[in-house]
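# how would this look folded up:
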Amino acid sequence: MFGFGRLKFKGVDKKRIGDQEHIDDYNAAQEIGRVRLGKLCLYYRDLGVKYYVPYEYIDRAFTRISECQPDDSPAYFYYRLILVHGEKEFANLIFNEEADVDRIHARLKEIRPEIKFGYVPPPDGKRRRFS
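Model (predicted):
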């Protein structure tokens, strides 16, 4: 009656959608961690919100590795899938296993070969803060 429980997605343009075509695509998509790779879009969850990203929007993707050094314990690593449009990072998704990020990169190459992979430093040498 009120639409509660119906899947809705927020786009990179802040527009919300909830049409049946995207819901079916989301439900049939390959799931890797909190990312789903459908035929229409890449979907991911972040802070309780489900996002959709058309593959055409993704210009570049790369992996950023972060190291944590807890006291009196060996270091551990976690892996971030970074998605870029233009020169702006718009998604920063954390994974515990590097293999998951590698699988997403491989699928993105199959789905849209035009996507570039790898980090490109900014011209002024200063890394931008994620926003």
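# Flag the shaky bits of this structure, pLDDT-wise.
1-5, 125, 127-131 (pLDDT under 70).
# what's near enough to touch the residue in the chain sticking out farthest from the centre?
Residue farthest from the centre of the chain, counting by CA atoms, centre = their mean, is residue 72 at 32.9 Å. The contact partners of residue 72, taken as CB atoms under 8 Å, 6 or more residues apart in numbering, number zero. To be clear about C-beta, it is placed using only N, CA and C from the backbone, and glycine gets the same treatment.
# Look up the closest residue to residue 21, ignoring the ones flanking it.
Excluding the flanking residues, the one nearest residue 21 by CB to CB, 6 or more residues apart in numbering is residue 40, at 7.2 Å.
# Pretty sure that neighbour sits against residue 25.
Yes: with contact defined as CB atoms under 8 Å, residue 40 reaches residue 25; the gap is 4.6 Å.
# Of the two, which one has the most company?
A count of neighbours by other CB atoms under 10 Å puts residue 25 above the other of residue 40 and residue 25, at 19 against 14.
# Quick one: list the elements packing against whichever strand or helix holds that one.
Here residue 25, judged by DSSP states H and E, is contained in helix 20-28. When contacts are defined as 3 or more CB pairs under 8 Å, 6 or more residues apart in numbering; DSSP states H and E, helix 20-28 packs onto strand 41-46, strand 49-54.
# switch the cut-off to 7 Å
strand 41-46 (3 or more CB pairs under 7 Å, 6 or more residues apart in numbering; DSSP states H and E).
# For the residue lying closest to residue 87 once chain neighbours are set aside, grab phi and psi.
Using CB to CB, 6+ apart and skipping the chain neighbours, the partner closest in space to residue 87 is residue 122 (7.1 Å). Here is the backbone geometry of residue 122 (degrees, to the nearest 10): phi -70, psi 150.
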